[in-house]
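Peer 1: I need the structure of the sequence given here:
(chains A, B and C)
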Amino acid sequence: MTNRERVSIFWFRRDLRLNDNHGLFHALKGPDPVVPIFIFDKNILESLGDPKDRRLTFIHQSVERINRQLVKAGSCLWVHHDTPLGAFQTLCSSLDIAGVFVNHDYEPYAIQRDDQIAAFLRSKKIAFHSFKDQVIFEKREIEKADGTPYTVFTPYSNRWKEKFFRHKLTFCQSEKLISNFIKTAPLPFPSLTKIGFQSAQIDTPPPTIDAQLISRYDTTRDFPAKEGTSKLSVHLRFGTVSIRTLVKAAASLNEQWLNELIWREFFMMILFHFPFVVKENFKSQYNKIRWRNNELEFRKWCKGETGYPIVDAGMRQLNETGFMHNRVRMIVASFLTKHLLIDWRWGEAYFAEKLLDYELSSNNGNWQWAAGTGCDAAPYFRIFNPVEQARKFDPGLDYIRKWIKNFGSYRIKPMVEHQFARKRAIAAYEQALGKQKGRKNR
DNA sequence: CCTGGAGTTGTCCTA
DNA sequence: TTAGGACAACTCCAG
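Peer 2: A predicted model of the protein is given here:
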């Protein structure tokens, strides 16, 4: 750009859509033409081990879709392959920037990144505007009467609903302001190969709400062979759907599903207030658990070779598709932490690597829940019986047969006997908690 | 400050 | 056969 027309910038991150996008709406409402940018962040890309990373493929496809929509409107997306700081240095040298608009991002890396960019822009006298977009209630918006954060879900959700139903939900029509993007000839759009990656196979349904499915969500969600869950998690992760659209549907269709959306905000709130949970047990009394952490056993779990069909089916679904049904996530997590006594952080890291819908706050919160170390967690003696769970939730073996090919010749001996593992886990947790066998404390 | 009720998702044993 | 309690008390939260 040689002309120094005054512009604003909207920086897409995990809000990859044009409709009902708060930060984008505010950018487009302003007096200056808006330059839409996306940065393939080298800091993040460097940490990805797999050249066929599924998330990157999803992001690339989503960003491409936005670009197509913008090109139709006579504009286009400016795509950078750089560190965020590098990208903004480049932008500042060629543009007269009035302000940069983004949506809040609450993860530790994102907070640090945005602090850095905000400081850089401040040094250039450029305003940095950030908006709430990815949640209904954030940070300190839902707190107890005494001003401290909730750590138990039910009272949190009660307060959340009370506050939510008192106000009218408003959508912003950012998509109607599309003509306020800067007019440019289309710029070349980098391929995945150009940024050092390859396209992965992903099979993600579009971000549409199936009202039939959602209305019976509470009765079908636990059966992994059924299409009983929304499959919208990945869209929530990358903002290819607006949370307000989903919550509105949930409020009228199914309270159980609304609760799941509230769980998402609960764990985001927990991560915001207690960022140490990323590395540490929420409840420190569990720090003394002596995890067995057997690497060979961990690899068997990863590969889906535990000898428990429901566990193995789940892990194979994850490995093959980057997705695992929610019920099965609980079963495999309970198995890893309780039956094998492997540190929840190992399982959490594996999910983080494999899950297309990976969300730090939910992944961490739910792993700590399964391990019993989290806020409002399952009690330590609650140990899923993988045989019983399979009988209950996959009675026809449909899910198991789907993910264990040639189930007829599946002959893996269970790597640990259930009753034995159960007693061993309870003993390990009781030992950590300082309980002594055979003595009732009072 | 005190009090009492409640707490995502289970399992197992006993009467 | 099945329903109900034990598992472990403890902390959280609202009134």
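Peer 1: how about the residues of the stretch 251-400 of chain A near DNA strand C?
Peer 2: A:Pro379, A:Phe381 (C-beta under 7 Å from any atom of the strand). Heads up, the C-betas are built off the backbone N, CA and C, glycines and all.
Peer 1: Tell me which residue in the stretch 251-400 of chain A sits closest to DNA strand C.
Peer 2: A:Pro379 (3.7 Å; C-beta to the nearest atom of the strand).
Peer 1: Need the residues that contact stretch A:407-423.
Peer 2: A:297, A:300, A:305-309, A:312, A:338-340, A:383, A:385-387, A:397, A:400-401, A:404 (C-beta atoms under 8 Å, 6 or more residues apart in numbering).
Peer 1: Contact partners for the most centrally placed residue in chain A?
Peer 2: Nearest to the geometric centre of chain A sits A:Glu359, at 1.9 Å (C-alpha atoms, centre = their mean). Taking C-beta under 8 Å, 6+ apart as the contact definition, A:Glu359 lies against A:Ser233, A:Leu236, A:Arg237, A:Arg264.
Peer 1: Go again with 10 Å.
Peer 2: When contacts are counted by C-beta atoms under 10 Å, 6 or more residues apart in numbering, A:Glu359 touches A:14, A:107, A:233-234, A:236-238, A:264, A:267-268, A:271, A:352, A:365-366.
Peer 1: Kindly reformat those as JSON lines containing pLDDT, secondary structure and neighbour count.
Peer 2: Formatted as JSON lines, the contacts of A:Glu359 follow (pLDDT from 0 to 100; DSSP: H, G, I helix; E, B strand; the rest coil; neighbours: other C-beta atoms under 10 Å):
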{"residue": "A:Arg14", "pLDDT": "97", "secondary structure": "coil", "neighbour count": "17"}
{"residue": "A:Glu107", "pLDDT": "94", "secondary structure": "coil", "neighbour count": "17"}
{"residue": "A:Ser233", "pLDDT": "97", "secondary structure": "helix", "neighbour count": "19"}
{"residue": "A:Val234", "pLDDT": "97", "secondary structure": "helix", "neighbour count": "24"}
{"residue": "A:Leu236", "pLDDT": "97", "secondary structure": "helix", "neighbour count": "22"}
{"residue": "A:Arg237", "pLDDT": "97", "secondary structure": "helix", "neighbour count": "23"}
{"residue": "A:Phe238", "pLDDT": "98", "secondary structure": "helix", "neighbour count": "24"}
{"residue": "A:Arg264", "pLDDT": "96", "secondary structure": "helix", "neighbour count": "22"}
{"residue": "A:Phe267", "pLDDT": "95", "secondary structure": "helix", "neighbour count": "24"}
{"residue": "A:Met268", "pLDDT": "96", "secondary structure": "helix", "neighbour count": "22"}
{"residue": "A:Leu271", "pLDDT": "95", "secondary structure": "helix", "neighbour count": "21"}
{"residue": "A:Ala352", "pLDDT": "96", "secondary structure": "helix", "neighbour count": "14"}
{"residue": "A:Gly365", "pLDDT": "94", "secondary structure": "helix", "neighbour count": "26"}
{"residue": "A:Asn366", "pLDDT": "95", "secondary structure": "helix", "neighbour count": "22"}
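Peer 1: What segments of the stretch 201-350 of chain A are helices?
Peer 2: Ranges of helices in the stretch 201-350 of chain A, per DSSP state H, counting those that start in this stretch, are A:211-215, A:217-220, A:233-238, A:243-253, A:255-273, A:295-303, A:309-321, A:326-334, A:344-354.
Peer 1: I'd like to know which of those helices is closest to A:Thr184.
Peer 2: A:Thr184 lies closest, by C-beta to C-beta, to one member of those: helix A:233-238, at 24.8 Å.
Peer 1: and that closest one, what other elements does it pack with?
Peer 2: helix A:54-72, helix A:243-253, helix A:255-273, helix A:360-371 (3 or more C-beta pairs under 10 Å, 6 or more residues apart in numbering; DSSP states H and E).
Peer 1: That one close to DNA strand B?
Peer 2: No: remark: helix A:233-238 sits outside contact range of DNA strand B, by C-beta under 7 Å from any atom of the strand, the gap being at least 12.2 Å.
Peer 1: In CSV, list the C-alpha atoms belonging to that helix.
Peer 2: Provided in CSV are the C-alpha atoms of helix A:233-238 (Å, rounded to 0.1, in the frame of the first residue of the first chain):
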residue,chain,number,x,y,z
SER,A,233,-18.1,-27.8,19.7
VAL,A,234,-15.6,-27.1,17.0
HIS,A,235,-17.6,-24.2,15.7
LEU,A,236,-17.7,-22.7,19.2
ARG,A,237,-14.0,-23.2,19.5
PHE,A,238,-13.2,-21.2,16.4
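Peer 1: Now chain A against DNA strand B: closest residue?
Peer 2: For chain A, C-beta to the nearest atom of the strand, closest residue to DNA strand B: A:Thr154, 3.3 Å.
Peer 1: contacting residues around that residue?
Peer 2: Counted by C-beta under 10 Å, 6+ apart, A:Thr154 has contacts A:Asn259, A:Phe266, A:Asp376.
Peer 1: Quick check: the gap between A:Pro379 and A:Gln419.
Peer 2: 19 Å (C-beta to C-beta, to the nearest Å).
Peer 1: JSON lines for the helices of the stretch 201-350 of chain A, including distance to A:Asp133?
Peer 2: Formatted as JSON lines, the helices of the stretch 201-350 of chain A follow (distance: least, C-beta to C-beta, whole Å):
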{"stretch": "helix A:211-215", "distance to A:Asp133": "22"}
{"stretch": "helix A:217-220", "distance to A:Asp133": "25"}
{"stretch": "helix A:233-238", "distance to A:Asp133": "12"}
{"stretch": "helix A:243-253", "distance to A:Asp133": "8"}
{"stretch": "helix A:255-273", "distance to A:Asp133": "13"}
{"stretch": "helix A:295-303", "distance to A:Asp133": "35"}
{"stretch": "helix A:309-321", "distance to A:Asp133": "28"}
{"stretch": "helix A:326-334", "distance to A:Asp133": "25"}
{"stretch": "helix A:344-354", "distance to A:Asp133": "23"}
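Peer 1: Show me what from chain A comes close to DNA strand B.
Peer 2: Proximity of chain A to DNA strand B (C-beta under 7 Å from any atom of the strand) is limited to residues A:152-154, A:222, A:259-260, A:263, A:326-327, A:330, A:366, A:369, A:376, A:378, A:381-385, A:388-389, A:392, A:418-419, A:422.
Peer 1: Could you chop chain A up by domain?
Peer 2: With domains defined by automatic domain parsing, chain A comprises A:6-133, A:135-170+A:204-273, A:284-432.
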